[in-house]
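Undergrad: Sharing a model prediction with you, sequence too.
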Amino acid sequence: SHLARSIAMPLFKNAAPSKPVPAPVTPRSNAEELALKETGMALTPGFLGANLFSDDKLRQAAPAAFSALEQARMNGTPLKRDVKDQIAKAMMDWAVKRGAVNFAHWFAPMRGNNAQKHDGFMDLDFSSPAAVKPMKKDFDGGKLFMAETDGSSFPNGGLRQTHTAAAFNSWDMKSPPFVRGETMYIPCCFVAWTGMALDEKTPLLRSMVAISNEGKRMLGHLGEKNISEVRTFVGWEQEF
């Protein structure tokens, strides 16, 4: 045993010291890498909003369409189909540049969790004379503003009968889409084909419209005749 210890000790003395194992690094997504290149560093104002399709980004990409969108937000003016297509194309081009290959309508059904309906930026090319239609990159205004899902899959408070299972998602125009990973998420409403709300967002938006209408009526009685909108905010009561 003494001989074994005398042989082993020099071996341990000459052994190279163990190196610490580096912690695993989570790879950045294409969107995160692009945000870093555009802004120079993380956690700056530009970086924090880099993957959000803000009003400024839409205004730069499609000025005329953005003006029409502002009017629709203010007074409910219906958007023309070509305007919807311009908005959708600007969104898709921006999202694809950031590495997105899919889009998802993101909504909050009445069950306490969020839900998503995923699709790809592609469709069959029905203009082709081929019997088997080829695929093409596609995302138009119809896909942005309307997506169908199964209303029977979610709690609905008795609003849905068996033969009326259709339910629809529609983009909330005041909530900008954003890219996460390879998907562009579109905040949207979720309603039955009758227009009845199946989610938590739709009643909120409708209540905001009701408050705005009644607020303008009240202000009119007080002499304020040029009020176009009354906006509601959550949390201000904590500051007074």
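TA: Received, thanks.

Undergrad: switch to C-alpha atoms for all contacts and neighbour counts from now on
TA: Fine.

Undergrad: And the strands in the chain?
TA: 102-107, 115-120, 122-124, 135-137, 147-150, 166-171, 178-180, 183-192 (DSSP state E).

Undergrad: which residues are in contact with stretch 213-231?
TA: Stretch 213-231 is contacted from outside by Met74, Met208, Ile211, Ser212, using Cα atoms under 8 Å, 6 or more residues apart in numbering.

Undergrad: Check stretch 128-145 too.
TA: Here stretch 128-145 has contacts from 81-89, 92, 121-126, 169-171, using Cα under 8 Å, 6+ apart.

Undergrad: Find the residue ranges of this protein scoring beneath the pLDDT cut-off.
TA: 1-29, 31-32, 35-47, 150-165, 235-240 (pLDDT under 70).

Undergrad: need the helices for it, in chain order.
TA: 2-14, 30-39, 45-48, 55-61, 63-75, 81-97, 141-145, 201-221 (DSSP state H).

Undergrad: Which positions within the last one qualify as buried?
TA: Just to be clear, that refers to helix 201-221. The neighbour-count check on helix 201-221 (16 or more other Cα atoms under 10 Å) flags Lys201, Thr202, Val209, Ile211, Ser212, Lys216 as buried.

Undergrad: Against Leu222, how distant is the residue lying closest to the fifth one once chain neighbours are set aside?
TA: Spelled out, that is Ser212. Computed as Cα to Cα, 6 or more residues apart in numbering, the closest residue to Ser212 that is not its neighbour in sequence is Val230, at 4.5 Å. Look at Val230 and Leu222: by Cα to Cα, to the nearest Å, they are 14 Å apart.

Undergrad: which one of those two has more residues nearby?
TA: A side-by-side neighbour count of Val230 and Leu222, using other Cα atoms under 10 Å, places Val230 first with 15 against 9.

Undergrad: gap between the more buried one and Arg206?
TA: 13 Å.

Undergrad: With adjacent residues omitted, what lies nearest to Gly120?
TA: Using Cα to Cα, 6+ apart, the nearest residue to Gly120 is Asn102, at 4.2 Å.

Undergrad: So Glu148 versus Lys117, what's the distance?
TA: Counting by Cα to Cα, the gap from Glu148 to Lys117 is 9 Å.

Undergrad: One more: Asp199?
TA: For Asp199 relative to Lys117 (Cα to Cα), the value is 14 Å.

Undergrad: Between the two, which has more neighbouring residues?
TA: Asp199 (23 against 15).

Undergrad: thinking that one is in contact with Gly112, fair?
TA: No: counting by Cα atoms under 8 Å, Asp199 does not reach Gly112; the two are 9.6 Å apart.

Undergrad: Quick one: the contacts of stretch 213-231 as TSV, columns for distance to Phe53 too.
TA: Formatted as TSV, those follow (distance: Cα to Cα, whole Å):
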residue	distance to Phe53
Met74	20
Met208	23
Ile211	28
Ser212	26
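
Undergrad: which among these gets closest to Phe190?
TA: Met208 (16.8 Å; Cα to Cα).

Undergrad: list the contacts for the closest one?
TA: Arg231, Thr232.

Undergrad: now the one 3 residues further on
TA: Residues touching Ile211, when contacts are defined by Cα under 8 Å, 6+ apart, comprise Val230, Thr232.

Undergrad: The same query, at a cut-off of 10 Å, please.
TA: Ile211 makes contact with Leu205, Arg217, Glu229, Val230, Arg231, Thr232, according to Cα atoms under 10 Å, 6 or more residues apart in numbering.

Undergrad: Farthest-apart pair in those residues, please.
TA: Taking Cα to Cα, no two of the contacts of Ile211 sit farther apart than Leu205 and Arg217, at 18.7 Å.
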